[in-house]
Structure formats: C-alpha cells, structure tokens
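Trainee: how would this look folded up:
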Amino acid sequence: MELSRHPVVIALIVLGVLGGTVAAVALRPPLPAPTPIKHAYAVPAREHRILVEVLNTTTRPGLARSATRVLRRQSLDVVFFGNADGSAKVDSTQVIARRGNRGAAQTVAKVLGQGVVKLQTDTLRRVDVTVLLGSDYRPPVDGHP
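Mentor: Got it, this is the predicted structure:
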C-alpha cells in the first residue's frame, strides 16, 4: 500500500510546481514602456536635409564626434564621421560644398561657428558638405569629447 501512494505524491508535487510557475508568469506585472533615448536628434525633411561628413585631420581624438553632436543638435544630417587619411591635414577648419551648394556649406560653417567655405565638387562622395576639422577647431564646452 505504501508503494502505490509514492507515485501519486510525486505527481501532486510536480503538478503543484507547474501550477505555481504558470501562475507566477501569468500574474507578473507588465514590463515598463521603454524610455526615449535622450541623445536622438530630429532628422529634417528630405527637401531641407543637408548631408554632411565630418573628418578629423588632427591627432586629437574625439574631435569629429564632438563636431557631429554640434551639427546634429541643429538638425543637420551627419551621415559619416571619423578620421581623415594622413594626407588631409589642415591647420584651419574647411567646410567644402561637394554638390555645388555653397549655401549648404555656409549653413554648416555657421553652426560650427567657424570654417573656411570652399566649393570643390565631388558627387561620388554622396554628401552635400565635407567638414575637415583643423587644429583651430575647439568643440563647445558641454562635457562631451
């Protein structure tokens, strides 16, 4: 008689554990809504968009990222940032209009607060403006590199 009760007790324990697990999953509170990302910037409408690449020609790390933040805060669409190749060193920051739109380059220079605007068409780069950050560029003091 003792042996026949043993499988029944095990079955009841297993059912109790399974029931408790199902109840715990079913009664858990819903996950909170995701919080918005604080560093996301608005992308302007297609007809007002200026596509920009930012290249650091200095040896100071993080300069292109800092300039990218400045430009994106003003809704300019920076599609690439990084270091320029070794032959592209410049002393003063240059803002180059790549698709013949000098006004777009002037807008970028104004947002950066500096830069010599040049017209140098190069449609293969697929950007409206190229920024070559020179040794004269000083990022704003906002706690970011």
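Trainee: can we go C-alpha only for contacts and neighbour counts from here?
Mentor: Will do.
Trainee: from the middle of its chain, how far away would the longest helix along the chain be?
Mentor: Using DSSP state H, we find that the single longest helix of the chain is helix 2-27. How far helix 2-27 lies from its chain's middle: 51 Å, per CA atoms, centre = their mean, to the nearest Å.
Trainee: Tell me how the chain divides into domains.
Mentor: 1-30, 46-133 (automatic domain parsing).
Trainee: and of those, who's closest to residue 36?
Mentor: domain 46-133 (16.3 Å; CA to CA).
Trainee: Torsion angles phi and psi at residue 80?
Mentor: With angles defined as degrees, to the nearest 10, residue 80 sits at phi -160, psi 140.
Trainee: Residue 119 too?
Mentor: Taking degrees, to the nearest 10 as the convention, residue 119 sits at phi -110, psi 110.
Trainee: For the closest residue to it other than its chain neighbours, name its beta-bridge partners.
Mentor: Leaving out its chain neighbours, the residue that sits closest to residue 119 by CA to CA, 6 or more residues apart in numbering is residue 97, at 4.9 Å. Beta-bridge pairing for residue 97 (DSSP bridges): residue 119, residue 129.
Trainee: Would you mind confirming that residue 97 makes contact with residue 118?
Mentor: Yes - with contact defined as CA atoms under 8 Å, residue 97 reaches residue 118; the gap is 6.2 Å.
Trainee: Give me the neighbour count for the residue nearest to residue 119.
Mentor: Residue 97 has 25 neighbouring residues, counting by other CA atoms under 10 Å.
Trainee: Return the residues in contact with it.
Mentor: Residues near residue 97 by CA atoms under 8 Å, 6 or more residues apart in numbering: 104-105, 117-121, 128-130.
Trainee: ranking those by neighbours, who comes first?
Mentor: residue 129 (33 neighbours).
Trainee: The residue nearest to residue 119 and residue 81, how far apart?
Mentor: 16 Å (CA to CA, to the nearest Å).
Trainee: One more: residue 138?
Mentor: 16 Å.
Trainee: Could you give the number of residues near residue 96?
Mentor: Residues near residue 96, counting by other CA under 10 Å: 29.
Trainee: Next secondary structure after the lowest-mean-pLDDT helix or strand in the chain?
Mentor: When the helices and strands of the chain are compared on mean pLDDT, DSSP states H and E, helix 2-27 comes out lowest with a mean of 80. Once the chain leaves helix 2-27, the next helix or strand it forms, by DSSP states H and E, is strand 51-56.
Trainee: Many thanks, I have nothing further to ask.
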